[in-house]
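coords below, sequence missing:
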Ligand SMILES: Cc1cc2nc3c(=O)[nH]c(=O)nc-3n(C[C@H](O)[C@H](O)[C@H](O)COP(=O)(O)OP(=O)(O)OC[C@H]3O[C@@H](n4cnc5c(N)ncnc54)[C@H](O)[C@@H]3O)c2cc1C
C-alpha cells in the first residue's frame, strides 16, 4: 500500500530504530513547552477564533465554527410549540445516548426516579463507543487520588476548576468498581489484577483498558444495563431546545423526530444534557476523530437558555490521527501505541519529541516538524505527517504484541495492506476533544440554570485547557453518575412552573439587535454534501 517515496522514508526510520531503542528523547522544559504551544498550537493562532457577540459569554474567544452556531437563530418557531400538552412527562430527562447520558440515566433510575433518555442517533452512537486507549483511576498501591489530582491539574496547565478535579479523582476508583460489577471486561493479568499503563502526562501507570476498544466495552456494559432495567430510550429524536418555566428553571426540552420531522415536548423536573462535543465542526479545517453526531448541539441549547460556556478557546488536537491512507484520515491512533513504546520520528528517522508529553505539546511539535522544520513526509495529495514507529512495540514486548494489544487498530490498517507491526504508520494531529463546555458545579449542575445538569464532554472546567488521556471516559462516568444522583434525589421537592420558550424569543431579539442571526442552529448533523 505504501508508495515508493514512503518506502524510501521508512527505510530511514528502520536504519535508526536500533539506536533509538536505547535513546530517550528529553522532556520539554516548561519554557520550551510554552514557546512550542504559542508558536504552533492552533488555539494560539489569531485567525482561528473570535469573540462571541451575544449571550452569557459575550466577549469570550472561541473557534469561529462554534461562534457561528451561537450567533444563529433557533430551528423552532417558539410561538407555535404546544408546551402545555407534552408528549412525555417524567422526573429526569437525559439528553444524549453516550457514556455520560447512560450512566446518568442508570444512576437516576437506581434512586427510583422515572427516567427517559432521548438521543439523536441510536443509543451508543457516540464518541464513547469509539474510545480506544483507556480510563484513568488511582487504585493501585503506589498511587492515590491526590497524585492523580496533581497530574490532572498539571496537564490542564493549572487552569482546571479544583472542585471538579477533586470529584473526578476521588470518584475514579468507585467508577472502575461500578463498571466491573456491571460486567465490564477490563484487560487483566493472569492473577486477576487489572492491567494498567501510562498515558501522556501521567506520573503513575493508572490507565485501565479493555485491549484497544475500552469505550466500546464500557458502552456495551452500560447499554446492556439500560436494556436489562428497561429504561425507556427514544432514538433518532434530537433535542432542539431546552424548555424553561416561568421562574427560569429548566423544565424539559423540545425534540424533533428525525423520521417524521414532527416536534415533541418532554416535560421534566430535572434535565441532564449529555450531548458530547464539537469535533464535527472541523475547527480550523482539521479532520476529526469524532462520531457524526458531535456537533455541539447541547452547548447551543444551554447557551440560548442562559448558561455560560467556559474554556471553549481550548481545543484538543490529538497528536496521532491517521494521515495515510486517506480513507482513514483523522481517525484516531490511540495514545496507547506510544504508551507501550512507539516513538514519533520525522522523515529522516529522527526523534523530535518525547512521545508522552501532553497532547497539546506533542501536536504542536508535529505541526512544527512539518511546517517549520520541513522534516515531515507529505503524501501524494499533500497531506503532511510524521512516522509513528509502531514496530518498536514488538522489539520491546515481543512478537505478536501489536495484534494482541491493539487488535482493532491492527485490523483497520490491515484492510489497506499495511501491517503496523512491521511498518511504521503516518500520522498528523486530528481534532479530538472539546476541552471546554457548559459551566458546572461538582454535582454537574449548571451554574446559571436551576434544574439543568450537564455531564460529559458537553461540560467544561474539569480538564482546564488540556485533558489528559483516559480522563474523559472517567469524567463522563463520574459526572454522569453525580448528575444522575443529584437530579433524581431532588425531584421530590421540585414543582415545575408554566413552561415557556420566551428565552428563545429574547435571544432572537438580542441577535437582531446585533445584526446577527442569519443562519440557524443547532447543526444536528454535519453537511458533507458536495465536499
Ligand atoms: C476516537 C476517540 C477515542 C477516544 N479515546 C479515549 C480514551 O481512550 N480515553 C478517554 O478517556 N477518552 C477518550 N476519548 C474521549 C471520550 O471518548 C469522549 O470525550 C467521551 O466518550 C464523551 O462522552 P459523552 O457521553 O459526553 O459524549 P458522547 O459519547 O459523544 O455521547 C453524546 C451523545 O449525545 C447525542 N446527541 C448529540 N446531540 C444531541 C441532541 N441534539 N439531542 C439528543 N442527543 C444528542 C449523540 O448522538 C451521542 O449519543 C476518545 C474520543 C474519540 C472520538
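That came in fine, so what should we check first? Values in this document were obtained by computation on a predicted structure and should not be read as measured data. Numbering: from 1, shown residues only.

please identify the residues of the stretch 201-350 of the chain in proximity to the ligand?
214-215, 238-239, 274-276, 289-290, 293-294, 297, 332, 334 (C-beta under 6 Å from any ligand atom). (Each C-beta comes from the backbone N, C-alpha and C, glycine too.)

switch those over to JSON lines; also include secondary structure, pLDDT and neighbour count.
Listed next are these as JSON lines, based on DSSP: H, G, I helix; E, B strand; the rest coil; pLDDT from 0 to 100; neighbours: other C-beta atoms under 10 Å:
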{"residue": "214", "secondary structure": "helix", "pLDDT": "96", "neighbour count": "25"}
{"residue": "215", "secondary structure": "helix", "pLDDT": "97", "neighbour count": "26"}
{"residue": "238", "secondary structure": "coil", "pLDDT": "98", "neighbour count": "25"}
{"residue": "239", "secondary structure": "strand", "pLDDT": "98", "neighbour count": "27"}
{"residue": "274", "secondary structure": "coil", "pLDDT": "98", "neighbour count": "34"}
{"residue": "275", "secondary structure": "coil", "pLDDT": "98", "neighbour count": "34"}
{"residue": "276", "secondary structure": "coil", "pLDDT": "98", "neighbour count": "32"}
{"residue": "289", "secondary structure": "coil", "pLDDT": "96", "neighbour count": "25"}
{"residue": "290", "secondary structure": "coil", "pLDDT": "97", "neighbour count": "27"}
{"residue": "293", "secondary structure": "coil", "pLDDT": "97", "neighbour count": "26"}
{"residue": "294", "secondary structure": "coil", "pLDDT": "98", "neighbour count": "26"}
{"residue": "297", "secondary structure": "helix", "pLDDT": "98", "neighbour count": "27"}
{"residue": "332", "secondary structure": "strand", "pLDDT": "94", "neighbour count": "21"}
{"residue": "334", "secondary structure": "coil", "pLDDT": "89", "neighbour count": "25"}
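
for residue 496, what are its contacts?
When contacts are counted by C-beta atoms under 8 Å, 6 or more residues apart in numbering, residue 496 touches 245, 249, 251-252, 267-269.

please repeat the previous calculation with a cut-off of 10 Å.
The neighbours of residue 496, taking C-beta atoms under 10 Å, 6 or more residues apart in numbering as the test, are 89, 243, 245-247, 249-252, 267-270, 451.

wasn't it part of a helix?
No - counting by DSSP: H, G, I helix; E, B strand; the rest coil, residue 496 is not part of a helix but coil.

gap between residue 522 and residue 74?
9 Å (C-beta to C-beta, to the nearest Å).

any common contacting residues for these two?
What both residue 522 and residue 74 touch, as defined by C-beta under 10 Å, 6+ apart, is the set 240-241, 300-301, 304.

among the residues of the stretch 201-350 of the chain next to the ligand, give me the pair with the biggest separation.
239 and 334 (30.8 Å; C-beta to C-beta).

and the furthest pair within the contacts of residue 496?
Maximum distance among the contacts of residue 496 (C-beta to C-beta): 18.2 Å, for 89 and 247.

for residue 15, what are its contacts?
With C-beta under 10 Å, 6+ apart, residue 15 has these contacts: 348-349.

can you check residue 36 too?
Contacts of residue 36 (C-beta under 10 Å, 6+ apart): 28, 353, 357, 360-365, 367-368.

now the two most distant members of the residues you listed.
Top of the distance list for those (C-beta to C-beta): 28 and 367, 14.6 Å.

for the contacts of residue 36, give me CSV that also has distance to residue 37.
CSV is the format used below for the contacts of residue 36 (distance: C-beta to C-beta, whole Å):
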residue, distance to residue 37
28, 10
353, 13
357, 11
360, 6
361, 7
362, 11
363, 9
364, 5
365, 10
367, 11
368, 10
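
which of these has the most neighbours?
residue 360 (30 neighbours; other C-beta atoms under 10 Å).

and for it, nearest residue in space, chain neighbours not counted?
Of all residues beyond its chain neighbours, the one nearest residue 360 is residue 466 (4.9 Å), with distances taken as C-beta to C-beta, 6 or more residues apart in numbering.

the one you found and residue 151 touch, don't they?
No - counting by C-beta atoms under 10 Å, residue 466 does not reach residue 151; the two are 11.7 Å apart.

does the residue sitting nearest the centre point of the chain sit in a helix, a strand or a coil?
Closest residue to the average C-alpha location of the chain: residue 433 at 4.2 Å, with C-alpha atoms, centre = their mean. Three-state assignment for residue 433 (three-state DSSP): strand.

hang on, it packs against residue 466?
Yes - between residue 433 and residue 466 there is a contact under C-beta under 10 Å: 9.3 Å.
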